[in-house]
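Peer 1: Whatever this is, show me its structure:
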Amino acid sequence: MQGITRIKEKIMEEAEKEKARILSEAEKKAEEIFEKAKKRAEEIEHNLLEKAKKQAEEEKRKIISMAELEEKKRLLQAKQEIIDLVFKEAENKIRQMEEERYKNLVFKMLVESAEGDEELIIAENDRSRITEDLLKKVNEELVKKGRKGNLKIVSFSKDITGGFILRSKNVEINGSFDYLVSIKREELETEIARILFEE
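Peer 2: The predicted structure follows:
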């Protein structure tokens, strides 16, 4: 009986050792799995944070870029409005020019550009200033210069605000101040912008 008891004890002892070994290995394995999972979780967290940080920086860059673009557009629009005012003021000054000075200006423009047999379209606003008397003086001056003196006013136009359009069979010369200012604007706008805004 004593032998059997010893065998049982031996078996129980071996079983306890095996149990302890298995538990130890299981704990070790569980710890390894936990560490791997923890490391992976940290990597995922780090990657997510980096991604979120990049997205936030990109969004910030886009918002700043759009705000700067919008600001440039507003500034450009404001500058354009100021330049519009400058040229509008130039047109107004010509239209509001003292009558004799205005007539003299139109006289010189017609003498410089007319051959003498054209038709003349006058701005409706100039009915009282570009008169038949003025035209007579222009024709006389043209004759003195060896050209024909047959300029005729054929109509009055509301499409132009000052000046005239000179029309022959083959050529039309636009001497309206609207047109002349617009041509000058193309030439001078950059320079005026530089003067006004020191660009």
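Peer 1: What are the contacting residues of stretch 64-84?
Peer 2: The contact list for stretch 64-84 (Cβ atoms under 8 Å, 6 or more residues apart in numbering) reads 189, 192, 193, 196, 197. Where C-beta positions appear, they are placed from N, C-alpha and C, glycine not excepted.
Peer 1: residue ranges for the helices of the chain, please.
Peer 2: 2-95, 99-113, 132-144, 177-197 (DSSP state H).
Peer 1: got TSV for those, with mean neighbour count, distance to residue 159 and mean pLDDT too?
Peer 2: Shown next, in TSV, are the helices of the chain (neighbours: other Cβ atoms under 10 Å; distance: least, Cβ to Cβ, whole Å; pLDDT from 0 to 100):
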stretch	mean neighbour count	distance to residue 159	mean pLDDT
helix 2-95	11	14	92
helix 99-113	15	18	94
helix 132-144	15	20	95
helix 177-197	14	9	84
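Peer 1: Relative to residue 197, how far out is the most centrally placed residue in the chain?
Peer 2: In the chain, the residue lying closest to the centroid (Cα atoms, centre = their mean) is residue 73, at 5.0 Å. Residue 73 sits 15 Å away from residue 197, taking Cβ to Cβ, to the nearest Å as the criterion.
Peer 1: Stretch 125-140: how far from the chain's middle?
Peer 2: Relative to the centre of its chain, stretch 125-140 is centred 45 Å away, using Cα atoms, centre = their mean, to the nearest Å.
Peer 1: next one: stretch 113-129
Peer 2: 40 Å.
Peer 1: what does stretch 106-124 give?
Peer 2: Centroid separation for stretch 106-124 versus its chain: 40 Å, with Cα atoms, centre = their mean.
Peer 1: Now do that stretch: everything it contacts.
Peer 2: Here stretch 106-124 has contacts from 126, 129-130, 134-135, 137-139, 141-143, 145, 147-158, 160-168, 173, 175-176, using Cβ under 8 Å, 6+ apart.
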